[in-house]
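*Asks:* would you be able to build a 3D model of this:
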Amino acid sequence: MKIVAAQMRSAPGDIDGNIERHVHFIELAASCEGAAVFFPEMSLTGYEPRLAEQLAMTADDARLEVFQSLSDRHQILVAVGGPYRGKDGPEIGMFVFWSGQTPAVYTKQMLHGDELPYFRAGTTPLSVTLGEEVLVPAICFESLQMDSALRAKDAGATVYVASVAKNMIGMERAHRHYATVARELGMTVLVSNGVGHADGFEMTGGSAAWNNNGVLRCSAGTGDQALVVYDLAEQSGSTVAVPAVSIAGAWANARET
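*Replies:* Next up, the predicted model:
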C-alpha cells in the first residue's frame, strides 16, 4: 500500500482555484497507485487565519463534491485541509473523503496560541482503517506534541499523518520530532507541508516519510511542488515533481462520471 503527501502551493483565499490544484495532485497520486493522499494544513484556502470566518465551510459544501467523485473513481482516500464551520466558530479542519463513505471531518484539537483569536479547538478524534493499516491524523502544532502521538498510538495507529504549514526553522524542528515519534512509538510517520506564502511567512516544503524505526526514507525539496509517495510494505519512498502547469478544466473533467 502506498500513501502520499502532497506538497502543494495554495493561493490565499482562492477556494475554487485551489480545488483545481488539488484535483491535479489527486490525479497524479492515483497514477502513482496511492491508496491515500494527504494535503497541507488549510490547503483549500491557504493558511490565512484572518480569513477563516469568511471562508469556513462544512463537509457537505457542494464545492467539495469533486473530492468524493475522485475518491470513488480512483479508490483513493483524499484528505484536504480547510477552515471548518463549527457550531461555536471556525475550526482548523481536515476533510476526509473515501469511496462509498460519508465525508468525515477531523479538526485540530491543540491550537497554537496565535490561533486562539481565530479558531476553536476540536474535540473528536479520527482514525481511518485501510487494509491492515490504521491512519491517524494530526494538524501542525499538535503534531509536535508527544501527547498527540501517544493518543494516536493508543488508538491503534500504524501510520501517524501530520498536515502542516511550516517555515524552514519550524520544519527542521518537525523533522527531528517526527523521527523521534516514529522510533519511540513504532509508527510510520508521514508529513505534508506546503510551499509558498502563508499568513506572514513562507512555507518551505520538506514533506517526508519515516519508517517505524525512525529512519527518514524520503523527503521532498524545500521550494517546489511535489508528491512524496511512500510504500508501506517495502518501507521505501520516492518523490514526484509536480510542475506548475495549467490545470484549467481539471475540476470539470473530474466531476464527469
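
*Asks:* identify all contacting residues around the host helix or strand of residue 162.
*Replies:* Using DSSP states H and E, residue 162 sits in strand 159-163. Contacts to strand 159-163, defined as Cβ atoms under 8 Å, 6 or more residues apart in numbering, come from residues 3, 38-41, 43, 79, 81, 94, 133-140, 143, 149, 152, 174, 178, 181-182, 185, 187-192, 232. All C-beta spots, glycine's among them, are computed from the backbone N, C-alpha and C.

*Asks:* what of stretch 46-60?
*Replies:* 10-15, 18, 40-42, 44-45, 63-64, 82-85, 89-90, 95, 103-105, 114-115, 117-119, 165, 194, 197-199, 203.

*Asks:* give me the buried entries from those residues.
*Replies:* Buried members of those, counted by 16 or more other Cβ atoms under 10 Å: 10, 12, 15, 18, 40-42, 44-45, 64, 82-85, 90, 95, 103, 105, 115, 118-119, 165, 194, 197-199, 203.

*Asks:* residue 139 reaches residue 41, doesn't it?
*Replies:* Yes - using Cβ atoms under 8 Å, residue 139 is in contact with residue 41, at 5.5 Å.

*Asks:* who touches both of the two?
*Replies:* Here residue 139 and residue 41 share the contacting residues 81, 92, 163-164, scored by Cβ under 8 Å, 6+ apart.

*Asks:* from the residues you listed, which two are the most distant?
*Replies:* The distance between the two most remote of the shared contacts of residue 139 and residue 41 (Cβ to Cβ) is 11.1 Å, for 92 and 164.

*Asks:* higher neighbour count, those two?
*Replies:* Between residue 92 and residue 164, counted using other Cβ atoms under 10 Å, residue 92 has the larger neighbour count: 32 against 27.

*Asks:* right, and the more buried one touches residue 110 too?
*Replies:* No - the criterion here is Cβ under 8 Å, and residue 92 misses it with residue 110 at 10.2 Å.

*Asks:* packing partners for the helix or strand where residue 197 lies?
*Replies:* Secondary structure from DSSP H and E places residue 197 in strand 195-198. With contacts defined as 3 or more Cβ pairs under 8 Å, 6 or more residues apart in numbering; DSSP states H and E, strand 195-198 has these neighbours: strand 201-204.

*Asks:* for whichever strand or helix holds residue 153, packing partners?
*Replies:* Residue 153 is part of helix 146-154 when elements are defined by DSSP H and E. The contact analysis (3+ Cβ pairs under 8 Å, 6+ apart) places helix 146-154 against strand 133-139, helix 168-185.

*Asks:* redo the ones you listed as a markdown table? Include mean pLDDT, mean neighbour count and distance to residue 210.
*Replies:* Output for these, formatted as a markdown table (pLDDT from 0 to 100; neighbours: other Cβ atoms under 10 Å; distance: least, Cβ to Cβ, whole Å):
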| stretch | mean pLDDT | mean neighbour count | distance to residue 210 |
| --- | --- | --- | --- |
| strand 133-139 | 99 | 23 | 14 |
| helix 168-185 | 99 | 17 | 4 |
